[in-house]
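> I'll drop the sequence and a predicted model, then ask my questions.
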Amino acid sequence: MAVIPLQNPVPTVLEEQVDPMSSSGSFVDYELYMVADNKLTTKEPQGSGQEVSLLGTGVSFQTNELLSDLTIKGESGRIVKINPFMKFQSSDNQSTADLTLSLYLGSDLIESITEVIENPCTGILSNCGFSSYLFNLDLGADSRVVDNGDRLRLEISADASCEGGNMFSSCSLDLKYNGQVGNGFSLIELKANALAGSQVKVHEVGDGWSETELTEWSPTHRVEKREIQFTVDVRDAFGRNDIKSVELTLDKPNIPDPIFEKEFEDNDLKLDNEGLVGNTTFIYESGIEAGEYPLNLTITDVQGNVIVYNHPQGITFLEYDIFLEFPVNQIPKLLVAPGQTSSVQLSVLHTGSIESDLQVEMELQQSLPAGWSEPNWDSPGGYTLSGGGSSANPILTIQAPEDLSTISDNYQIVVEAYAYATSGVDSGSQVRLVSLAIDVEKVNQYGPPQIDVYDDVEQQRQIFASDRPEMYNENLSHYIDYDKVGDFYLSISNVGFDDDSYRIRIQEIPVAWSLKFLVNGTGSELTEQGIDSLTPTIGQGEKMVIKVEVYPPFERDAVDIGLIRLSVTSDNSDDEVFTTPVAWTVHRTFGIVGEVISDSDGGTLGQIGPVSPGSTVTYNVRITDSSDDAGTTSWVIKNPAALQRNIDNDPGYATWLYEITDIEGNIALVAPLTGGQYFDIEVQITIRQQVEAGTHVVYLQVAEEANGEEEPRYFDLPLTIVVDEEVIPGNLVVEQKSQTTLVGAGQTIELEYRIDNLNNVEVDVVISIKAPAGWDATLDDGEIISFTLESFSSKDFTMQITAPEKVKNDQVVEFELTVTPTSYQECTATLCYIQKPTFQFKTENSGLLNSIMSELEDPEPTTIVLLLSVLVLAGFGLYRRGQNKVKAQMFAAMAEPIPVGFDESVEFDFAELDDEDDSDEDFDDIELELIDIETIEDES
């Protein structure tokens, strides 16, 4: 290809007007600038730029790791354009340079070309400047994909014919980048769909991204049902810095006129799952016009490219819609008793257009079992709803049979509401059908009330439920400032068959705190009967809300945190007491509140565990200035290791490791706050290895800096850690306390021992003793002992041993203890909790005779070997003595012949004599062995 140096290149200028593109698979033009740190970026660089030599190893530029798959195409067809600013300079105007450009997608080489650069600048008559060059790289396909996590990389290098010249010659080929050169930049031009994965979803408030979208909404629903949650997920492969703006719009039907628009700020979007995620909510006005409303997500990048994601359904506001529920004062059940007539009230609300009228008919989805009456509605002909926002309260009445044994405990009936249009083109047509399942519960005349407790007047934040007590932590703090009144709402539901009233009694309350009970709405205080507060009569199947006012004490030394425990008892029942217990925790504050907003455990917030000893746990805590002060208060965050309250509870808490940091990882010592502001910290706690199993509570204190005039305000936040039980084989250690002594025959000695429980739980232990044969042993004067060892505790015991009447000297005897933890008796080849420590003792024996007799009665193997050796040596000595006697006689006969009487009856083996060795060594032996030579004369 021809390489064209552009001495006056056309400036790279972003167009002012860009037609929006759809996000789904749309490709737009991108310029990837060569900038500092050898990066390729979509953001235009500032400054005068940098220079680098391309001769030799050259230079490479690459993008950051892509945050999503990126499909690229050529700027024109399959051609990616490379536009570098270079300066080729040589003292020889005939010099040339071979320039190599290589494009990589990840580790894959897509295209590499080598072009010849000619006509160097000699610099003799004029200064040499940088010129713009244009190179075309063929992708080899219509498009290529750079995978998520990979990089797009360009490598440039060159060799020049003038290299290696003499000291008077010049030769260079340089690239200028990271800034504007003349009226252009060194860059790559291509097309890409970096924002292809961006989208928006529609949910109810609180729903997650993966939950089913809700695109149909009711124009005249209650306000809490008119809040739409929009969640955006912006996927830009080049990263957050490539995004200039993100805007969400909801337009009117067929008119580009938004009824809602939101431009997201930087702090509205966070990096989550490799995308920029954020959400916003929109409460539309009651009575909004029915129709289909387009929903658009518009993203503008730093180069001015505009990508629009059109939600496929948008939002539809329904012309016809109804909502079926229980009234606020009706429990969501049908209560039945044998042979009795029961009724349940419902509420049907017209939530469609204010211009549409509906006729609603009520039916049961299924037939009732035999013996039940036919269902009876208070308005058999239906209920008229005139325009959106109108409502009716149908009442269903049913008589139950005398025998309810065939009805299961989870029996349900399903009520259906059929809505028919009464005007317009849809008049007479069924336009909506909704249903509601109703639990049927068999009850007695009276029963324990169902209690629900809330800490807000709207009764949205529930803190207690008597039918689901495991769902709520009664020890979770609910804060009340010291100079304010805490309001709680106690909902009492009558689940008996007859009308009833209820007595509320305070069973437990922190010292110096007080309560007041009022009927919510009217504000009238409950009638007091002794220590009880009596409610008004509550109808069958109905509920009443009692407002509980909680008054904290003013005294600073009063209890800050404690449990409120109530009992609510049926007042009309004479035969049986029907009571429901209620409990929640109140916590007095002084203008500052700390609360756990998340932790390293997936269970109850603020409580972590069970965890193993030595574990590290993490709490994310929000410190909020709850005062009305306009000025800034410095709140000191105290290390729990130094808090006296923790040390008093357990001195071991001071040995735990506490690390408190802010959201940026810096050590957090002080939180400077004004009224209403908050400060987030992370509290990391490493518990020590030797820690008892069970629940541990350490307090994090946030206190006002003392000024010497008033007592500082403070807040103690309990952090709960549950430590798991840990019983380890070998953690019951037995040690001998007494000094070991020698044991004599028939002697009894007593030795002291100690057993240590190194486990973090209480262990019941049984210890037995096994003695050698002939020995006696007891433990604390018995055959076995048993006792309970607290965690990390020890206990002493004694062992008495008695030796037999005869023992050998320095004999080693071994006694074996068997230590059995009764709750952990597993013992396999790989895991055994039963321990068998052994202890050895040496014997002593007084008197030579006792020693000899003991050895003869029970000889050791060495003694037996010694006796056999003595007998063998004695026999061998006698044999050699006989042999020597014969040899002596023969020697005497040879020296001096002496008549010798010959006994023919005695045979003599002359062959044996001939075989004797005549060597000097043998004679030496004879000389050593001839201690006494006898002659015949001696014998005579």
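Received the coordinates, thanks. Numbers count the residues shown, from 1 in each chain.

> Helices of the stretch 751-900 of the chain, start to end?
848-857, 861-895 (DSSP state H, counting those that start in this stretch).

> Lowest average confidence across those helices, which one?
Least confidently modelled of the helices of the stretch 751-900 of the chain is helix 848-857, at a mean of 55 by mean pLDDT.

> now stretch 289-308, how far from the chain's geometric center?
38 Å (C-alpha atoms, centre = their mean, to the nearest Å).

> So for that stretch, mean pLDDT?
The model assigns stretch 289-308 a mean pLDDT of 93.

> check contacts around G744.
A803, V807, T843, E844, N845, S846 (C-beta atoms under 8 Å, 6 or more residues apart in numbering). Quick note: C-beta positions are derived from backbone N, CA and C, even for glycine.

> Quick check: ChimeraX command selecting the buried ones in those residues.
Selection of buried members from the contacts of G744 for ChimeraX, criterion 16 or more other C-beta atoms under 10 Å:
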select :803,807,843,844,845
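
> Farthest pair within the contacts of G744?
Greatest spacing in these, by C-beta to C-beta: A803 and S846 (12.5 Å).

> who touches both of those two?
G744, A745.

> So which residues make contact with the longest strand belonging to the chain?
In the chain, taking DSSP state E as the definition, the longest strand is strand 430-442. For strand 430-442, the surrounding residues in contact (C-beta under 8 Å, 6+ apart) are 319-325, 332-337, 344, 346, 352, 358, 365, 404, 407, 409-421, 495.

> what about that strand, distance to the chain center?
40 Å.

> what does stretch 326-337 give?
40 Å.

> Where does pLDDT dip in the stretch 701-850 of the chain?
Scanning the stretch 701-850 of the chain for pLDDT under 70 picks out 708-709, 846-850.

> Show me where it has its strands.
Ranges of strands in the stretch 701-850 of the chain, per DSSP state E, counting those that start in this stretch, are 714-723, 732-736, 743-744, 748-757, 763-770, 776-779, 784-789, 794-802, 812-821, 838-844.

> Most tightly packed of those?
Comparing the strands of the stretch 701-850 of the chain by mean neighbour count (mean count of other C-beta atoms under 10 Å), strand 714-723 ranks first with a mean of 21.

> Which strands and helices lie in contact with it?
On a contact count with 3 or more C-beta pairs under 8 Å, 6 or more residues apart in numbering; DSSP states H and E, strand 714-723 meets strand 592-599, strand 607-611, strand 616-625, strand 678-686, strand 694-704.

> how does this structure divide into domains?
21-192, 199-317, 322-442, 450-588, 601-723, 732-857, 862-939 (automatic domain parsing).

> what would the ones you listed look like in TSV with distance to G594?
Output for the domains of the chain, formatted as TSV (distance: least, C-beta to C-beta, whole Å):
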stretch	distance to G594
domain 21-192	36
domain 199-317	23
domain 322-442	35
domain 450-588	9
domain 601-723	4
domain 732-857	29
domain 862-939	78
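
> Number of residues surrounding T655?
Residues lying near T655 (other C-beta atoms under 10 Å) number 12.

> mind checking how far it is from Q689?
10 Å (C-beta to C-beta, to the nearest Å).

> what about D628, neighbour count?
D628 has 10 nearby residues by other C-beta under 10 Å.

> From E549, how far out is it?
With C-beta to C-beta as the criterion, D628 and E549 are 21 Å apart.

> now E247
For E247 relative to E549 (C-beta to C-beta), the value is 47 Å.

> now D599
From D599 over to E549 (counting by C-beta to C-beta), the distance is 32 Å.

> more neighbours, those two?
D599 (21 against 14).

> so what's the more buried one closest to, chain neighbours aside?
Y619 (4.8 Å; C-beta to C-beta, 6 or more residues apart in numbering).

> swap in I769?
A777 (4.6 Å).

> where does the stretch 451-600 of the chain have low pLDDT?
Using pLDDT under 70, the stretch 451-600 of the chain has no residue that qualifies.

> Which parts of it are strands?
Under DSSP E, counting those that start in this stretch, the stretch 451-600 of the chain gives strands at 462-465, 477-481, 486-493, 502-508, 514-519, 527-529, 532-534, 543-551, 561-570, 579-589, 592-599.

> can you put those in CSV and add distance to K43?
Output for those, formatted as CSV (distance: least, C-beta to C-beta, whole Å):
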stretch, distance to K43
strand 462-465, 49
strand 477-481, 47
strand 486-493, 53
strand 502-508, 64
strand 514-519, 62
strand 527-529, 73
strand 532-534, 68
strand 543-551, 57
strand 561-570, 53
strand 579-589, 48
strand 592-599, 34
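
> Let me know which of those is the nearest to K87.
strand 592-599 (56.9 Å).

> what's next to the closest one, contact-wise?
Residues contacting strand 592-599 (C-beta under 8 Å, 6+ apart): 477, 479, 605-608, 617-627, 633, 635, 673, 680, 700, 702, 704, 713-715, 717, 719.

> make it 6 Å
Residues outside strand 592-599 that contact it (C-beta atoms under 6 Å, 6 or more residues apart in numbering): 479, 605-606, 608, 619-626, 635, 702, 715, 717.

> and these, which two are the farthest apart?
I608 and D625 (26.5 Å).

> Now tabulate the strands of the stretch 701-850 of the chain in CSV and tack on distance to N178.
What follows is those, written out as CSV (distance: least, C-beta to C-beta, whole Å):
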stretch, distance to N178
strand 714-723, 50
strand 732-736, 69
strand 743-744, 91
strand 748-757, 69
strand 763-770, 71
strand 776-779, 85
strand 784-789, 73
strand 794-802, 72
strand 812-821, 72
strand 838-844, 79
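
> Strands along the stretch 201-350 of the chain, start to end?
Under DSSP E, counting those that start in this stretch, the stretch 201-350 of the chain gives strands at 216-217, 227-234, 243-252, 255-264, 270-272, 275-283, 291-293, 295-301, 306-310, 315-317, 322-325, 333-336, 341-345, 347-350.

> Let's have those in JSON lines, adding distance to A641.
Output for the strands of the stretch 201-350 of the chain, formatted as JSON lines (distance: least, C-beta to C-beta, whole Å):
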{"stretch": "strand 216-217", "distance to A641": "54"}
{"stretch": "strand 227-234", "distance to A641": "42"}
{"stretch": "strand 243-252", "distance to A641": "45"}
{"stretch": "strand 255-264", "distance to A641": "43"}
{"stretch": "strand 270-272", "distance to A641": "34"}
{"stretch": "strand 275-283", "distance to A641": "38"}
{"stretch": "strand 291-293", "distance to A641": "58"}
{"stretch": "strand 295-301", "distance to A641": "49"}
{"stretch": "strand 306-310", "distance to A641": "52"}
{"stretch": "strand 315-317", "distance to A641": "55"}
{"stretch": "strand 322-325", "distance to A641": "53"}
{"stretch": "strand 333-336", "distance to A641": "52"}
{"stretch": "strand 341-345", "distance to A641": "59"}
{"stretch": "strand 347-350", "distance to A641": "57"}
